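**Q** Need the 3D shape of this:
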Amino acid sequence: MPRFSTGMVYNSAVMGKVGMQISKKNKDFANFPDLGMVFFAVISLTASLAYLRLGLARVAYPYALDLVEEGMVMQAWRVAQGLPVFVPPNAEFVPQVYMPLFTWLGGLLMRLTGFGFWPLRLISFLSVVGTAVLIFIIGWRESCDQSIAGKTAAFVGSGLFLGGYRLVGGWYDLARVDALFAFLSLAGLALVVYGRRGGTQRGTEETQSFTEIKIMLGAVLLGLAFLTKQNGLLLAAVAGFYFFTTESAEGAQKGLAKNKKSASSAFIRVLKYFVAPFAVVAAVPVLVLQWGSGGWFSHYVVTIAYASPLDLGRLRNIIVWELGAGMAVLVGLAVFLAVLQVRRLETGDWRFLVAILQSLVSQNPWLVFVGTAVFISVAGRSTVGGNLNNLLIGYAFLCLIPTLSFPRKRESIPAQNVDTRLRGYDKRRWLWAVAMIVQFGLVTFPLNDGLPKNYRPTAEMRAAGDALVARVEAEPGEVWLLMHPSVAVRAGKRPYAHLQSLWHARQRGTDPLPPDLVELIEQQQFAQIISDESDFFETEPAFLDLLLAHYEAVETLPPEQSPPTLNDPVIRPLTLYVPRDWRLEIGD
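**A** Numbering: from 1, shown residues only. Predicted coordinates:
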């Protein structure tokens, strides 16, 4: 009997010691998710630094990385010189179909820096960095989990955005409007959302006044986004609807007797603090430009810009390869969150659909904005000629999903026989981690074969550009570089119309060529014409027939004098034309 009793005491002591060891191991295991978030932070930082290094190299490259960059830099150069932009198509210049803010800012910079791509690319690069910072700030504020792990999810979104330049074809830092558009849109929406929430949480007159100022600033930024790209109008409309729904919902909750925010008063506040400042920033410049250009402004940014028809055949490629293969995890989580929010609503009678919609918008503004941005991306990409740049705004907003989908900690679950910290981490946290790993994989190793293979300009490309400039500079006569007017400026020559811009302005090559350009070609005023032989633009029948009637191809430029672009469609100066019946020895 004593032996039995002694054995029991011994076993109890051993079990108690083992139990303490198990508890310690459970705590160490519970720390693993936090260690996992450190892992995600390192990956995000690595992806971010890798892009920043690449982006700076692309900003500094002195020649075109994309065919439309040529048209944008020439438009900004017109601004720098104080010349009108929205003019009838002519032999010297044809504007692009975008809104004017980006090239206006680029032109102001060029007045200080001189001609070059880098001032415009710098605007885009800083906009990309600013967008990443905003994704982090918004994620930080929207984090459902107040732990360090929850906050790190915001950094994951920024890392996915900066590291995801491949998914949108490398359009982040180009001399194009998309990066600035994404930044201004995200900044404006953030001011509207958090300005509105701040006023709801603290109701003093001073706070209310500050809230109204933030909402007005948000409207101003959204107006600037519209002046950057036409699609900003849709985002502004959705933001205005959000402002109205939250104002009217607050009035309904507090009661009309205590709070005078009825539907009509909410509408008045929206007009006063959102619509009015947006209209001042957006509508006034549009009216001035329309009047000053004699109607040509709307011809380019509305008639021509929206003349490209939808190509529904593109939808399969967009859904399967660009959204599916590239952004599948983020899109899937966004859809899951939207369905979850709809199911949580107390629908009751579906006749109250408007009230249900208002509740969804007011409670989940960022999900609504993500959906709007993705719609803008898909709609733009689905048009004939719509390129991967359209995906930038949608992908930027999708990078808010890592924070919006980060699971809450289940603090209310009792821990009876299992360590409390271990029980706090449920399977959803692990599923989220796996999902983010998969998305980082899709970002790093894209499955879409249609994406560019190289994004970094090489020393050989720069040397070829320098050699082309030297060749054009050495020619005593006028040289028209059909797709590279920037080379003419660098060579000290007079630049002529960018053919892609001209083709677009002519309703995709269906309208007649400008009379002054026809006269220059017929009279053989150009000593040389250098063509990239690109699809659509230089092979358009009316232009090609006119060119071949008065000029003949005499040389194919060697790669050492022919710098290529990197973004699709890839073009490079290819064929040299000289006037027919001229007895020139090329190369003398």
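**Q** Run through who's touching whichever strand or helix holds residue 402.
**A** Following DSSP states H and E, one finds residue 402 within helix 401-404. Outside helix 401-404, the residues that touch it by CB atoms under 8 Å, 6 or more residues apart in numbering are 138-140, 142-143, 153-154, 156-157, 160, 330, 333-334, 337, 366-367, 370, 436. All C-beta atoms are positioned from the backbone trio N, CA, C, and that covers glycine.
**Q** please redo it, this time with the cut-off set to 6 Å
**A** 139, 142-143, 153-154, 156-157, 330, 333-334 (CB atoms under 6 Å, 6 or more residues apart in numbering).
**Q** Of the residues you listed, which is the nearest to residue 385?
**A** residue 330 (26.1 Å; CB to CB).
**Q** thinking again about what came up before, with just CA atoms, put the helix holding residue 402 into PDB.
**A** Extracted C-alpha coordinates of helix 401-404, given in PDB (Å, rounded to 0.1, in the frame of the first residue of the first chain):
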ATOM      1  CA  ILE A 401      -8.200  43.200 -49.200                       C
ATOM      2  CA  PRO A 402      -5.400  41.600 -47.100                       C
ATOM      3  CA  THR A 403      -6.400  43.900 -44.300                       C
ATOM      4  CA  LEU A 404     -10.100  43.800 -44.900                       C
END
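**Q** okay, residue 28: pLDDT?
**A** Residue 28 is assigned 40 on the pLDDT scale.
**Q** oh, I was asking about residue 150
**A** 71.
**Q** check contacts around the nearest residue to it once chain neighbours are set aside.
**A** Leaving aside its chain neighbours, residue 150 sits nearest to residue 143 (4.4 Å; criterion: CB to CB, 6 or more residues apart in numbering). Contact analysis of residue 143 by CB under 6 Å, 6+ apart lists 150-151, 403.
**Q** How about residue 113?
**A** residue 119.
**Q** now swap in residue 43 and tell me
**A** residue 440.
**Q** That one: which element?
**A** Counting by DSSP H and E, residue 43 is found in helix 32-60.
**Q** buried set for that helix?
**A** 33, 36-37, 40-41, 43-44, 47-48, 51-52, 54-55, 58-59 (16 or more other CB atoms under 10 Å).
**Q** Output the next helix or strand after that helix as CSV, restricted to C-alpha atoms.
**A** Sequence order places helix 67-80 as the next helix or strand after helix 32-60, per DSSP H and E. Provided in CSV are the C-alpha atoms of helix 67-80 (Å, rounded to 0.1, in the frame of the first residue of the first chain):
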residue,chain,number,x,y,z
LEU,A,67,4.7,54.0,-77.4
VAL,A,68,2.1,56.3,-75.8
GLU,A,69,4.8,57.9,-73.6
GLU,A,70,6.0,59.7,-76.7
GLY,A,71,2.7,61.4,-77.1
MET,A,72,2.5,62.3,-73.4
VAL,A,73,5.9,63.8,-73.2
MET,A,74,5.3,65.9,-76.3
GLN,A,75,2.0,67.1,-74.9
ALA,A,76,3.8,68.1,-71.6
TRP,A,77,6.5,69.9,-73.7
ARG,A,78,3.8,72.0,-75.4
VAL,A,79,2.6,73.0,-71.9
ALA,A,80,6.2,73.9,-70.9
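**Q** Helix 67-80: what's the following helix or strand?
**A** helix 101-113.
**Q** Next, the buried residues of that following helix.
**A** 101-107, 109-110.
**Q** Next: stretch 546-554.
**A** Result for stretch 546-554 [16+ other CB under 10 Å]: buried residues 547, 550-551.
**Q** Kindly reformat these as a markdown table containing pLDDT.
**A** Formatted as a markdown table, those follow (pLDDT from 0 to 100):
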| residue | pLDDT |
| --- | --- |
| 547 | 96 |
| 550 | 96 |
| 551 | 97 |
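**Q** could you give the mean pLDDT of the helix or strand that residue 288 is a member of?
**A** Using DSSP H and E, residue 288 sits within helix 276-292. The average pLDDT for helix 276-292 rounds to 96.
**Q** now the angle from that helix to helix 101-113?
**A** 70 degrees (axes from the mean of the first three to the mean of the last three CA atoms, to 10 degrees).
**Q** Now find how far off-centre helix 276-292 is within its chain.
**A** 24 Å (CA atoms, centre = their mean, to the nearest Å).
**Q** Quick one: list the elements packing against whatever helix or strand comes next after that helix.
**A** Once helix 276-292 ends, the next helix or strand along the chain (criterion: DSSP H and E) is helix 296-298. In this structure, helix 296-298 makes packing contacts with helix 276-292, judged by 3 or more CB pairs under 6 Å, 6 or more residues apart in numbering; DSSP states H and E.
**Q** What helices and strands are in contact with the helix it packs on?
**A** Contacts defined by 3+ CB pairs under 6 Å, 6+ apart place helix 276-292 against helix 205-228, helix 296-298.
**Q** got the CA coordinates for it in PDB?
**A** Provided in PDB are the C-alpha atoms of helix 276-292 (Å, rounded to 0.1, in the frame of the first residue of the first chain):
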ATOM      1  CA  ALA A 276     -19.900  71.900 -54.900                       C
ATOM      2  CA  PRO A 277     -16.100  71.600 -54.300                       C
ATOM      3  CA  PHE A 278     -15.900  68.700 -56.800                       C
ATOM      4  CA  ALA A 279     -17.700  70.800 -59.400                       C
ATOM      5  CA  VAL A 280     -15.400  73.800 -58.800                       C
ATOM      6  CA  VAL A 281     -12.300  71.700 -59.300                       C
ATOM      7  CA  ALA A 282     -13.600  69.500 -62.100                       C
ATOM      8  CA  ALA A 283     -16.200  71.400 -64.100                       C
ATOM      9  CA  VAL A 284     -14.600  74.800 -64.200                       C
ATOM     10  CA  PRO A 285     -11.400  73.800 -65.900                       C
ATOM     11  CA  VAL A 286     -13.400  71.600 -68.300                       C
ATOM     12  CA  LEU A 287     -15.600  74.500 -69.300                       C
ATOM     13  CA  VAL A 288     -12.600  76.800 -69.700                       C
ATOM     14  CA  LEU A 289     -10.700  74.200 -71.900                       C
ATOM     15  CA  GLN A 290     -13.800  73.500 -73.900                       C
ATOM     16  CA  TRP A 291     -14.400  77.200 -74.600                       C
ATOM     17  CA  GLY A 292     -10.700  78.000 -75.200                       C
END
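**Q** Which residues outside it are in contact with it?
**A** 216, 219-220, 222-223, 226, 236, 297-298.
**Q** For the residues you listed, could you give me CSV that also reports distance to residue 181 and neighbour count?
**A** Converted to CSV, those look like this (distance: CB to CB, whole Å; neighbours: other CB atoms under 10 Å):
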residue, distance to residue 181, neighbour count
216, 20, 20
219, 16, 29
220, 15, 18
222, 11, 30
223, 12, 25
226, 9, 27
236, 12, 25
297, 18, 23
298, 19, 15
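**Q** would you turn these into CSV with distance to residue 314 and pLDDT?
**A** Compiled in CSV, these are given as follows (distance: CB to CB, whole Å; pLDDT from 0 to 100):
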residue, distance to residue 314, pLDDT
216, 39, 95
219, 34, 97
220, 35, 97
222, 28, 98
223, 31, 97
226, 25, 98
236, 26, 97
297, 29, 97
298, 27, 96
